[in-house]
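> I would like to see how this sequence folds:
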Amino acid sequence: MIPQALILLIFTTASLAYPHKRDLQSSPSTNTTVCDPSSQCLSGVNQLQAGVHLTPPSSNTTFLLLPGIYTPTALLNLTSLASLVSLSRSTIAPLPGFTTTGTLGSSSAFAVQVQADSFIGFDSPLFAIGSTSFPLTTPSNTSTSSLSLSSTTNSTSIQSILLPSSLPIRLTLSTGQSLFASIPDLTFLSSSTTSSSSSSSSIKVLKTESTSCTSPCSTGGICTLAGTCSCASGFTGQTCNVCLPGFYGPSCAKCPAGCKICDDGIAGTGNCLDGRTVNSTTLASACNCSNGICLSTSTSTSTSTSGTCACNAGWTTAANGTQCAACSAGYYLTSTGDCLACDPTCASCSSPSGVCLTCQTGLSPSSSSPNTCLTSTTALSNGTFTTCPSRTFFSSSTSSCTSCNPVCETCYGSSTNECLSCRIPNVLLEGKCVAVDTKTGVCDGSSVITLSGGKPGWVWDSGKGVCDALPAKCTAGGIDSFTLSSTRSQLKCSACLSGTYLYQGNCVETCPSGTTVGTDGVSCVSCTGSCSTCSLSTSYCLSCTDSTKPTLNGTCLTTTTCPSGYFLPPSTPNSSVIVSPTSTSSSSTCTPCHPDCGTCSGSSTTCTSCSSTRPVFNSQLSTCSPSCPPGDYYDTTSSTCTACSSGCSTCFGSTSSQCLSCPTGLKFSGGKCVVVDCEVVDGLGVCLRDLVVATPTGAAGSGGKGKVLPWWIFLVVGLIVLSLLILGVWCWRRRERKRRAAQTSRFASHLHQKEVDIKLRALPPHIAYPAVPVAPRAPSPHRASFELVEEEIPLTPREGLMPPPRPPRSASRWSVSSYGSKFGGLGQIKMQKTGSSTSTGSGSERGWGDRNPFVKK
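Presented below is the predicted three-dimensional model:
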């Protein structure tokens with residue numbers, strides 16, 4: 001019984017844990033009927049994740065329709081339905097990533113297809129196990145131009161891919177190949193194209209794009225289904241081959257924050273050409289401010305200075321809200337962009353001429369000098385003219401001459417801020433008399449900050465007789481060898497707003513040619529050495545003093561040509577202001593070629609040879625592509641696109657074992673296109689029997705070929721068998737112990753019986769077997785007397801006295817053969833009469849051979 005149980009257990013375990021090799025996956029198998037558009041159907045176990053499920057009405061059978069176009073006749077044949085009406089009542093359940101067109105039951109075709117904007121990757125060969133749908137093109141606002149499946153799926157590998165059959169799609173794999181069609185098994189690529197350490201789990205899709213673009217998109221773009229290039233962040237252009245302003249390098253990275261002049265562009269270095277990266281919080285533009293200093297916080301309680309920007313002298317907030325963008329009252333805007341003070345007699349004046357628009361109170365316009373107004377020193381009072389003395393003014397309210405404020409030399413009112421001129425040594429600033437620095441001519445503006453909202457930034461101008469504002473970008477300055485007769489034209493700035501640079505006493509937005517921003521980051525210094533123009537430092541050359549020598553990375557070359565991978569741009573007129581190495585003196589700067597090019601000429605995107613990542617050269621367009629068109633492969637020997645082997649539809653090499661897809665009717669098998677005795681499913685490259693493990697008639701499933709039993713199954717079965725063997729041996733030993741114990745007991749019992757019997761036979765019979773008298777009974781007419789005696793005189797109990805039973809030799813249990821063989825002296829016993837017996841006293845004789853010595857004969 002134990003061997004049968006062991007055999008049954010082994011076969012049961014193996015049948016449960018011995019599936020087909022493609023069924024050894026985490027996903028459960030299903031038993032459905034799989035059909036293709038040619039009406040081929042096969043029922044059996046499968047793990048397909050491609051197509052749609054169709055369930056006819058009132059049916060327990062589910063059909064899996066593979067991708068393709070199904071005619072109404074084909075659908076009726078494969079479902080065995082009688083009419084289109086019945087077919088229209090069927091239910092459709094598309095698998096993830098698939099869609100349908102057309103209506104079941106109509107006269108038009110019914111199509112099963114991959115969603116038009118995606119492709120599907122599978123975790124197992126033959127489009128099985130888990131599936132994930134991925135977009136065909138990367139969105140234009142993404143930060144990278146590639147799609148990595150490892151960042152969008154939990155699968156460790158993509159082992160088969162299904163593409164929309166009607167769309168021109170190309171997938172770039174991490175192994176270097178380009179796919180143009182669906183492929184049922186990618187695992188062969190790991191051994192065909194990569195090192196021995198690679199595995200199929202490392203195969204990923206790096207980029208997906210359409211092949212419908214006339215000009216191939218560059219590294220920074222992806223061809224969309226509309227036939228246009230969609231650019232990644234930072235890229236622009238028809239083919240996404242250039243960087244947006246403010247972006248630089250092959251990946252078009254953003255220039256450093258706060259850098260006003262960046263070496264941008266696809267060939268740029270990203271260096272800040274103004275010599276430093278300015279803190280963006282101090283730039284005027286950081287707080288919507290034009291001519292002032294941006295403040296992170298404001299502690300002033302004054303309304304005019306509580307904003308986020310402190311304006312330079314003469315500036316205030318414009319009508320559009322931009323701070324420090326308009327001239328304050330009493331100032332006008334010049335053609336050079338500075339705010340200058342109006343004449344002291346004018347309340348307001350026009351820009352940029354400074355002509356008075358309104359006069360101070362009590363003053364009148366001058367017909368001879370439009371930029372000034374006249375004071376009233378004489379007036380008619382009571383019919384007579386009155387002339388006011390010095391340091392007084394005629395007050396219309398009192399109709400008399402009134403004294404000026406003691407600090408004023410002339411005035412138009414008695415207040416401290418209504419002076420027209422001041423007593424020496426003070427000078428006039430916005431109607432007030434203030435002190436002046438006798439060395440620099442800088443006026444003390446501390447008393448007028450709250451009036452203009454500005455900073456101390458005025459200098460004496462004897463030409464107008466007032467303290468005038470410093471230039472717009474100048475925050476500090478003065479007049480060398482100042483005298484009260486000095487004019488503003490002698491002014492030199494000593495400090496500038498953040499983002500501008502000091503050059504020869506002026507604040508400039510960029511340093512002139514032949515100079516660059518110094519190490520202090522605020523001034524322009526002259527280039528040195530062999531540099532004619534420079535940037536970053538005085539020794540980083542943009543052009544050389546020897547105009548025949550180009551520069552490379554800031555160094556003047558000893559040759560007249562650039563090295564491979566660089567080119568000299570066409571000659572352009574030099575500018576007095578340096579913007580970048582490629583826009584000023586560009587004819588003398590070696591510029592890198594575009595990353596897609598190996599070498600170039602004339603421009604960075606005009607390729608003359610290609611890089612290793614985009615090896616295919618288009619001589620007509622002077623561009624480089626990553627792969628050849630469908631049907632060709634890139635031949636590294638000739639550096640040209642060469643036609644695939646006649647047995648391949650697409651390929652990655654010259655041999656027939658380097659196919660990526662096959663012509664119609666041929667089966668794809670490990671990189672080869674082979675002729676088979678089955679009909680190949682169009683678009684999938686394999687036969688239907690490769691996708692389904694057929695179920696035999698009357699069976700629930702089939703074992704199939706290629707059994708693979710995991711090692712742990714052997715271990716489990718072995719442990720179970722060993723446990724049962726140990727249990728069987730233990731049970732057998734226990735039974736044997738019981739059997740031996742019973743045999744020993746019988747042996748002891750037989751031995752005891754023989755000893756008693758020998759002792760009884762040694763005694764006289766009448767002693768060994770005495771008669772037992774009983775009371776007489778009436779004889780029965782139906783019974784003989786001897787039978788009555790035999791019944792009424794029982795034998796002495798024999799239990800424990802008789803020897804072990806032996807095969808009988810006669811009918812008498814008292815025959816001589818019973819004991820005569822072993823006890824010869826007892827074999828012939830003399831008959832005695834019962835009556836003469838001393839033991840019974842009945843007078844009858846008996847012997848050892850009698851049937852019963854106590855029964856009369």
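
> What residues sit buried inside stretch 358-366?
Neighbour counts using 16 or more other Cβ atoms under 10 Å place 359-360, 362-363, 365-366 of stretch 358-366 among the buried residues. Any C-beta I mention is one placed from the backbone N, CA and C, and that applies to glycine too.

> Just those residues: which are in strands?
359, 365 (DSSP state E).

> JSON lines for the buried residues of stretch 358-366, including pLDDT and distance to Gly431?
Below are those laid out as JSON lines (pLDDT from 0 to 100; distance: Cβ to Cβ, whole Å):
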{"residue": "Cys359", "pLDDT": "93", "distance to Gly431": "13"}
{"residue": "Gln360", "pLDDT": "90", "distance to Gly431": "8"}
{"residue": "Gly362", "pLDDT": "83", "distance to Gly431": "13"}
{"residue": "Leu363", "pLDDT": "87", "distance to Gly431": "12"}
{"residue": "Pro365", "pLDDT": "89", "distance to Gly431": "19"}
{"residue": "Ser366", "pLDDT": "86", "distance to Gly431": "19"}
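
> Now for the buried residues of stretch 358-366: which two are most distant?
Gly362 and Ser366 (14.0 Å; Cβ to Cβ).

> Asp468 sits in which helix or strand?
strand 466-469 (DSSP states H and E).

> list the helices and strands that strand packs on?
Secondary-structure packing of strand 466-469 (3 or more Cβ pairs under 8 Å, 6 or more residues apart in numbering; DSSP states H and E): strand 339-341, strand 427-429, strand 458-461.

> closest to Thr744 out of those?
Nearest of these to Thr744, taken as Cβ to Cβ: strand 339-341 at 132.9 Å.

> Off-centre distance for that closest one?
Distance of strand 339-341 from its chain centroid, counting by Cα atoms, centre = their mean, to the nearest Å, is 59 Å.

> Tell me the buried residues in it?
Neighbour counts over strand 339-341 (16+ other Cβ under 10 Å) mark 339-341 as buried.

> Now flag whichever of those residues is closest to Trp712.
Nearest to Trp712 among these is Cys339, at 88.3 Å by Cβ to Cβ.

> In the sheet, which residues pair with Val112? Tell me.
Residues in a beta bridge with Val112, per DSSP bridges, are Gly68, Thr100.

> Next, count neighbours for it.
25 (other Cβ atoms under 10 Å).

> so how far is Arg761 from it?
Distance, Val112 to Arg761, by Cβ to Cβ, to the nearest Å: 105 Å.

> cool, and Cys474?
Cys474 is 155 Å from Arg761, by Cβ to Cβ.

> Surely Ser107 and Thr73 touch.
No. Taking contacts as Cβ atoms under 8 Å, Ser107 lies outside contact range of Thr73: 10.2 Å.

> I'd like the average pLDDT over the longest helix belonging to the chain.
Looking across the chain with DSSP state H, the single longest helix is helix 711-761. The pLDDT scores in helix 711-761 average 85.

> Show me what that helix is packed against.
Applying 3+ Cβ pairs under 8 Å, 6+ apart, one finds that helix 711-761 makes contact with helix 2-16.

> Which is the succeeding secondary structure element to the helix it packs on?
Next helix or strand after helix 2-16 toward the C-terminus (DSSP H and E): strand 30-35.

> what angle sits between the helix or strand following that next one and strand 30-35?
Per DSSP H and E, strand 30-35 leads on to strand 41-46 as the next helix or strand towards the C-terminus. Strand 41-46 runs at 150 degrees relative to strand 30-35, counting by axes from the mean of the first three to the mean of the last three Cα atoms, to 10 degrees.

> helix or strand right after strand 41-46?
Later in the chain than strand 41-46, the nearest helix or strand by DSSP H and E is strand 52-55.

> Tell me the buried residues in that following strand?
Neighbour counts over strand 52-55 (16+ other Cβ under 10 Å) mark 52, 54-55 as buried.

> Okay, now the sheet partners of the helix or strand following that strand, with direction.
For strand 52-55, the following helix or strand on the C-terminal side (DSSP H and E) is strand 63-65. Strand pairing for strand 63-65, determined by DSSP bridges: strand 30-35 (parallel), strand 52-55 (antiparallel).

> pLDDT of strand 63-65, averaged?
Averaged over strand 63-65, pLDDT sits at 91.

> go on, stretch 639-653?
Mean predicted confidence for stretch 639-653 is 91.

> How about stretch 295-305?
Stretch 295-305 shows a mean pLDDT of 47 in the predicted model.

> can you check stretch 223-233 too?
Mean per-residue pLDDT for stretch 223-233: 88.

> Output that stretch as CSV, nothing but the C-alphas.
C-alpha atoms of stretch 223-233 as CSV (Å, rounded to 0.1, in the frame of the first residue of the first chain):
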residue,chain,number,x,y,z
CYS,A,223,9.6,63.5,-34.7
THR,A,224,5.8,63.5,-34.0
LEU,A,225,3.1,61.7,-35.9
ALA,A,226,2.3,65.1,-37.5
GLY,A,227,5.7,65.2,-39.2
THR,A,228,7.2,68.0,-37.1
CYS,A,229,9.9,68.0,-34.5
SER,A,230,8.8,68.4,-30.9
CYS,A,231,11.6,70.1,-28.9
ALA,A,232,12.7,69.3,-25.4
SER,A,233,13.1,72.1,-22.8
